[in-house]
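Coordinates only, no sequence provided:
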């Protein structure tokens, strides 16, 4: 995996878990991680789905995006 992609995944993960940001912005970060579609993005999405600090809609979205990556 190239370093720029890993850096992007880390940034998107930080945005997705920043509770100071709007829910829409966090959701967009989750969707963008799904669009990356790599194994590292899949792992990050599964980590988000397990994060109890996120609301249930965001956790479901992370799981849905992880499903898309698997397919």
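Okay, I see it. Quick caveat: nothing in here was measured; it's all calculated off a predicted structure.

Which parts of this protein are helices?
3-17, 23-36, 39-49, 56-70 (DSSP state H).

Kindly calculate the angle that the last one makes with helix 23-36.
Just to be clear, that refers to helix 56-70. For helix 56-70 against helix 23-36, the angle by axes from the mean of the first three to the mean of the last three C-alpha atoms, to 10 degrees is 10 degrees.

about what we covered before: redo the helices of the chain as TSV? Include mean pLDDT and mean neighbour count.
In this view, the C-beta of every residue, glycine as well, is placed from N, C-alpha and C. TSV is the format used below for the helices of the chain (pLDDT from 0 to 100; neighbours: other C-beta atoms under 10 Å):
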stretch	mean pLDDT	mean neighbour count
helix 3-17	96	15
helix 23-36	97	18
helix 39-49	97	19
helix 56-70	97	17
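
so what's the residue most central in space within the chain up against?
Geometric centre of the chain, nearest residue: residue 30, 3.5 Å, by C-alpha atoms, centre = their mean. By C-beta atoms under 8 Å, 6 or more residues apart in numbering, the residues touching residue 30 are 12, 16, 45, 48, 58, 61, 62, 65.

repeat for residue 48
Counting by C-beta under 8 Å, 6+ apart, residue 48 has contacts 13, 16, 17, 30, 33, 54, 58, 59, 62.

my guess is the third one meets residue 54, correct?
Yes. If you go by C-beta atoms under 8 Å, residue 17 and residue 54 touch, sitting 7.1 Å apart.

residues shared between the contacts of the two?
Contacts common to residue 17 and residue 54, judged by C-beta under 8 Å, 6+ apart, are 26, 48.

Redo the contacts of residue 30 as JSON lines? Include distance to residue 22.
Output for the contacts of residue 30, formatted as JSON lines (distance: C-beta to C-beta, whole Å):
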{"residue": "12", "distance to residue 22": "15"}
{"residue": "16", "distance to residue 22": "12"}
{"residue": "45", "distance to residue 22": "20"}
{"residue": "48", "distance to residue 22": "16"}
{"residue": "58", "distance to residue 22": "11"}
{"residue": "61", "distance to residue 22": "14"}
{"residue": "62", "distance to residue 22": "17"}
{"residue": "65", "distance to residue 22": "18"}
